[in-house]
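Undergrad: show me the folded form of this:
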Amino acid sequence: MPRNLAEGETQMNFRIPEEKKIAFLKKAKASGTSASRLLLEFIDGYLGISSSSDDEIDNIKKKVAELEEFKERAEKILGELAA
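TA: Numbering: from 1, shown residues only. Sure thing, here's the model as predicted:
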């Protein structure tokens, strides 16, 4: 049995020119991620499955919107106090 596979996981093997593999691995590492993570994100996107990174981005966008709303309220209050 392959090592480091979680229950319900399997492996895929495919052929790729060596220079593309090396370039892909280097670029993934330089981006602070792994080749596996990039391929899984591609597959999720291709299948129309929301990835956890999509959820994280949505949460960040929501928090930014809340902060912008808070900033506007704070600026309004400060403007009223200064008047």
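
Undergrad: need the helices for this protein, in chain order.
TA: 18-30, 35-47, 52-82 (DSSP state H).

Undergrad: for E9, find the nearest of those.
TA: Taking CB to CB, helix 35-47 is the member of those nearest to E9, at 10.6 Å. Backbone N, C-alpha and C define where each C-beta goes, glycine included.

Undergrad: from the contact counts, what lies against the closest one?
TA: Using 3 or more CB pairs under 8 Å, 6 or more residues apart in numbering; DSSP states H and E as the contact test, the elements touching helix 35-47 are helix 18-30.

Undergrad: again, only using 10 Å
TA: helix 18-30, helix 52-82 (3 or more CB pairs under 10 Å, 6 or more residues apart in numbering; DSSP states H and E).

Undergrad: now do it, average pLDDT.
TA: What helix 35-47 shows for mean pLDDT is 91.

Undergrad: remind me which residues of the chain are low pLDDT?
TA: Within the chain, the stretches with pLDDT under 70 are 1-3, 51-54.

Undergrad: again, only using 80
TA: 1-5, 50-58 (pLDDT under 80).

Undergrad: tell me the domain ranges of it?
TA: Under automatic domain parsing, the residue ranges defining each domain of the chain are 1-49, 51-83.

Undergrad: export these as CSV, with columns for mean neighbour count.
TA: CSV is the format used below for these (neighbours: other CB atoms under 10 Å):
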stretch, mean neighbour count
domain 1-49, 9
domain 51-83, 10
